[in-house]
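Fold the following, please.
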Amino acid sequence: HLELMGISHTEASNGAEAVASLKDHRPDLVLLDLMMPIMDGHAVLDVMKADENYKTIPVIVISGKDDEESIVESINCGAEDYLVKPFNPRILKARVENSLAKAVHAQKDSLLRQVLADYNHELKTEVSRQVKILAQANASTVFALSTLAESRDPETGLHLERVQRYA
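Below is the predicted model:
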């Protein structure tokens with residue numbers, strides 16, 4: 001079905017192989033069966049959602065289990081969606097496209113937040129630099145005015161020096 005949708009894919013014959021293949025190739029989406037040898041689908045979901053590198057990958061569980069508990073447990077483990085076998089290919093296509101669109105949107109939001117955080121940091125640095133420049137300019141202005149006052153009246157100059165020492 002994925003080939004008919006023009007989506008390239010990698011297959012794993014069991015849960016352990018699926019987890020191992022994540023290290024070789026980070027997929028955009030995982031279609032996961034619950035009933036697999038070695039490691040079942042919930043164990044694979046637990047591994048994926050516990051790892052920072054894989055927890056944002058959307059997962060659609062496709063299973064022959066049609067009971068409410070399996071569906072709720074899959075969603076609670078981090079699956080974005082659940083399809084019961086046999087499934088309608090049009091529904092699979094719609095859910096795959098929806099999950100991929102959500103993932104792209106989430107990546108875009110994450111990237112935007114990072115860009116904004118970097119820009120905010122740059123702005124803070126620039127504001128700090130400008131504040132230092134203004135403080136230096138203010139100090140220079142005060143010194144120039146006090147020197148001017150001292151040159152015009154020695155008593156005022158001595159008064160300014162005394163106030164400077166007190167301060």
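
quick one, phi/psi of residue 60?
phi -110, psi 120 (degrees, to the nearest 10).

burial of it, as a residue count?
When neighbours are defined as other C-beta atoms under 10 Å, residue 60 has 19 of them. Where you see a C-beta, it was placed from the backbone N, CA and C, and this is true even at glycine.

Equivalent analysis for residue 22, please.
Neighbours of residue 22 using other C-beta under 10 Å come to 19.

What ranges does this protein have for its helices?
15-24, 41-50, 68-77, 89-152, 154-166 (DSSP state H).

ok, now how distant is the residue nearest the centre of the chain from residue 79?
Nearest to the mean C-alpha position of the chain, counting by C-alpha atoms, centre = their mean, stands residue 110 at 4.0 Å. Look at residue 110 and residue 79: by C-beta to C-beta, to the nearest Å, they are 20 Å apart.

can you check residue 33 too?
12 Å.

who touches both of those two?
Common contacts of residue 33 and residue 79, defined by C-beta atoms under 8 Å, 6 or more residues apart in numbering, comprise residue 61.

Of those two, which one has the most company?
Comparing residue 33 with residue 79 by neighbour count (other C-beta under 10 Å), the higher total belongs to residue 79, at 25 against 18.

Give me the local confidence score for residue 58.
Listed pLDDT for residue 58 reads 92.

Give me the helices and strands touching the worst-scoring helix or strand of the chain on mean pLDDT, please.
The least trusted helix or strand in the chain, going by mean pLDDT, DSSP states H and E, turns out to be helix 154-166, with a mean of 76. With contacts defined as 3 or more C-beta pairs under 8 Å, 6 or more residues apart in numbering; DSSP states H and E, helix 154-166 has these neighbours: helix 89-152.

That concludes my questions; thank you for your assistance.
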